[in-house]
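Chemist: could you look at this predicted model? Sequence included:
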Amino acid sequence: MTEQEFAARLREQGFEQFVVVEREPGGVLDLHRHPFEAKALVLHGSIEIDCAGETRSYAAGEVFHLAREVEHAERYGPQGVRYLVGRR
């Protein structure tokens, strides 16, 4: 799926704000939460998300989804990560 196709699908679901996020190799973002719902397409690298006692890994081409105000932590793979995220 291309970035444009992903953004078009999210617009159909009511997502209006889109941001490309890039994080450093081996980086960590401790427990935090966002005041918005987020759905993202990993463009490069990988990310692990710890949420509700479960860790899930996402690589290029995969999509992850976080509900508004859900506490989670993030770890970035050896190549870092770059993803396109829609927020609502």
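Modeler: Looks like it arrived, so ask away. All values derive from a computational prediction rather than experimental measurement.
Chemist: my guess is residue 56 meets residue 48, correct?
Modeler: Yes: taking contacts as CB atoms under 8 Å, residue 56 lies within contact range of residue 48: 7.0 Å. In short, each C-beta sits where N, CA and C put it, glycine included.
Chemist: these two: who's more crowded?
Modeler: A count of neighbours by other CB atoms under 10 Å puts residue 48 above the other of residue 56 and residue 48, at 15 against 12.
Chemist: and the more buried one, its phi and psi?
Modeler: phi -110, psi 130 (degrees, to the nearest 10).
Chemist: please apply the same query to residue 71.
Modeler: Per degrees, to the nearest 10, the backbone of residue 71 is at phi -70, psi 130.
Chemist: just give the closest residue to it, not the sequence neighbours.
Modeler: Leaving aside its sequence neighbours, residue 71 sits nearest to residue 33 (CB to CB, 6 or more residues apart in numbering; 4.9 Å).
Chemist: got it, and residue 43?
Modeler: In space, and not counting its chain neighbours, residue 43 is closest to residue 82: 4.7 Å by CB to CB, 6+ apart.
Chemist: measure the residue of the chain most remote from its centre to residue 51 for me?
Modeler: Most distant from the centre of the chain: residue 12, at 18.5 Å, with distances by CA atoms, centre = their mean. In this view, residue 12 and residue 51 are 25 Å apart by CB to CB, to the nearest Å.
Chemist: about what we covered before: count of neighbours near the residue nearest to residue 71?
Modeler: Residues lying near residue 33 (other CB under 10 Å) number 12.
Chemist: with that, I have no additional questions.
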